[in-house]
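K.L.:
return a 3D structure for these sequence lines:
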Amino acid sequence: MAAIFIRTILIYLLLIGAMRLSGKRQIGEIQLSELVTTILLSEIASYPLTNSNIPFLYSVVPIVVIISLEIITSFLATKSAAIKSILDDKPSIIIRKGIINQKEMVKMRLSMDDLLCELRLKDIASPDEVEYAILEQNGRISVFPKDNKKQVTRADLNLSSEGSGVSHSVIIDGHIMDYAVKNAGKSRKWVEEQLQKKHIHNIKTVFLMTVDDKDDVKVIKKEP
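P.N.:
Have a look, this model is predicted:
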């Protein structure tokens, strides 16, 4: 029991030192190579803790090797664009001037729900309010609102604070979102009628349909 206790303390201190040496960032900001390193370290460190028959050195050596590789590859990535492109993804433009890049979303395996969630967290009701939305290398989405959406507020112009409210995504990727339809106070029949008004006869061709609290309907069709 005492041996396990001592091993646990030593492994803990070793991992703390290793992570500091490798310059780890917050979990939400780590790159792919850093994530792989973290997973390997957690696996290797657990072996001598759960099996006292495994020599302590069998854990120390792999940890030192992995951290050394991480430091070396990180250094080489700063010196070589080719190596950096292998180790890290490039930023991807998801929205450009209010237009969603559907092909890039599929390539990045980013769902419409996830994108809309990120926009709402940044107080943006609709994709057409966005100048650029970029999926960064760390998995986060940077959003740049259009100038006319951020420079002047209604308070600046002494106007009423009444807005368009929340934008409800009633259709996503060809499927009616019943919960969103209900939240918008509408019905499936109403959604179908709006599509008919826009001469859309097949719901499967709709990438996104939104309606706000002022009944402003916006439809984005799927790219061919």
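K.L.:
distance from the longest helix along the chain to the middle of the chain?
P.N.:
Longest helix in the chain, counting residues (DSSP state H): helix 57-79. Chain-centre distance of helix 57-79: 27 Å, with Cα atoms, centre = their mean, to the nearest Å.
K.L.:
next: stretch 46-65.
P.N.:
Per Cα atoms, centre = their mean, the centroid offset for stretch 46-65 relative to its chain is 35 Å.
K.L.:
could I get the buried residue list for that stretch?
P.N.:
Residues Pro48, Leu49, Phe56, Ser59, Val60, Pro62, Ile63 are the ones in stretch 46-65 that count as buried (16 or more other Cβ atoms under 10 Å). Quick note: C-beta positions are derived from backbone N, CA and C, even for glycine.
K.L.:
could you pull up the mean pLDDT of it?
P.N.:
Mean per-residue pLDDT for stretch 46-65: 78.
K.L.:
can I get it in PDB, CA atoms only?
P.N.:
Written as PDB, here are the backbone C-alpha positions of stretch 46-65 (Å, rounded to 0.1, in the frame of the first residue of the first chain):
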ATOM      1  CA  SER A  46      -2.000   4.700 -14.900                       C
ATOM      2  CA  TYR A  47      -0.200   1.400 -15.400                       C
ATOM      3  CA  PRO A  48       2.200   1.500 -12.400                       C
ATOM      4  CA  LEU A  49      -0.600   2.800 -10.200                       C
ATOM      5  CA  THR A  50      -2.900  -0.100 -10.900                       C
ATOM      6  CA  ASN A  51      -0.200  -2.900 -11.100                       C
ATOM      7  CA  SER A  52       2.600  -2.800  -8.500                       C
ATOM      8  CA  ASN A  53       4.400  -5.500 -10.500                       C
ATOM      9  CA  ILE A  54       5.200  -3.000 -13.300                       C
ATOM     10  CA  PRO A  55       8.500  -1.300 -12.600                       C
ATOM     11  CA  PHE A  56       8.200   2.500 -11.900                       C
ATOM     12  CA  LEU A  57      10.800   3.200 -14.600                       C
ATOM     13  CA  TYR A  58       8.500   1.600 -17.200                       C
ATOM     14  CA  SER A  59       6.300   4.600 -16.800                       C
ATOM     15  CA  VAL A  60       8.900   7.300 -16.400                       C
ATOM     16  CA  VAL A  61      10.800   6.500 -19.700                       C
ATOM     17  CA  PRO A  62       7.800   6.600 -22.000                       C
ATOM     18  CA  ILE A  63       6.600   9.900 -20.400                       C
ATOM     19  CA  VAL A  64      10.000  11.500 -20.900                       C
ATOM     20  CA  VAL A  65      10.100  10.300 -24.500                       C
END
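K.L.:
biggest separation within the buried residues of stretch 46-65, which pair?
P.N.:
Greatest spatial distance among these (Cβ to Cβ): Leu49 and Pro62, at 14.1 Å.
K.L.:
buried ones in stretch 99-110, by neighbour count?
P.N.:
By 16+ other Cβ under 10 Å, the buried positions in stretch 99-110 come out as Ile100, Asn101, Gln102, Met105, Met108, Leu110.
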